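Asks: Provided below for reference: sequence and predicted model.
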Amino acid sequence: MSEQVILFDGVCKLCNASVNFIIRHDPKVYFRFAALQSEFARRILRHNDISTENFESLVLVENDIVFLKSTAALKIARELNGLWPVFYVLIFLPIPIRDFFYNLVARYRYRIFGRKNTCMIPGKDMMKRFIE
């Protein structure tokens, strides 16, 4: 099984909570993580002609293919334990419909959940899951 990388907004409290949630529900250690603000993430974004200025999307890099927004979220859910893979059926909805709701949450996430001054720093036990 190849490594999958999730790029997330490192200063967004909702995004950080989502990373912690994914880690708890990923016992196979399928995913690794990098903040969108990192140089690693910037290289991936630039290579795929994605803006490095506005972090409005969760990004999943799976087998060198980049997935954004609701598609990324659903592909992540598919790999988690518990009932979360059930949500993958939503992949059959048209992307504009799925991304409408994704964009709505993304637009207001700082107002609703807050923002940190710095990116999340993982504990020693989680460092291997993060790419600097």
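Replies: Sure, I can see it.
Asks: Just want the most central residue of the protein.
Replies: With distances taken as Cα atoms, centre = their mean, the residue of the chain nearest its centroid is Leu58 (3.9 Å).
Asks: Output the longest helix belonging to the chain.
Replies: Counting residues, the longest helix in the chain under DSSP state H turns out to be helix 95-113.
Asks: can you pull the buried residues of it?
Replies: The neighbour-count check on helix 95-113 (16 or more other Cβ atoms under 10 Å) flags 98-99, 102, 106, 109 as buried. C-beta coordinates here come from the backbone N, C-alpha and C atoms, glycine included.
Asks: swap in stretch 40-48?
Replies: For stretch 40-48, the neighbour count (16+ other Cβ under 10 Å) marks 41, 44-45 as buried.
Asks: I'd like to know which elements whichever helix or strand Cys15 is part of is packed against.
Replies: Assigned by DSSP states H and E, Cys15 belongs to helix 13-24. In terms of contacts (3 or more Cβ pairs under 8 Å, 6 or more residues apart in numbering; DSSP states H and E), helix 13-24 is packed against strand 4-8, strand 31-35, helix 95-113.
Asks: so who does the residue nearest to the centre of the chain touch?
Replies: Under the criterion of Cβ atoms under 8 Å, 6 or more residues apart in numbering, the neighbours of Leu58 are 6-8, 15, 18, 68-69, 72-73, 76.
Asks: sorry, back to before: of the buried residues of helix 95-113, closest to Arg129?
Replies: Here the nearest of the buried residues of helix 95-113 to Arg129, counting by Cβ to Cβ, is Arg109; it sits at 22.3 Å.
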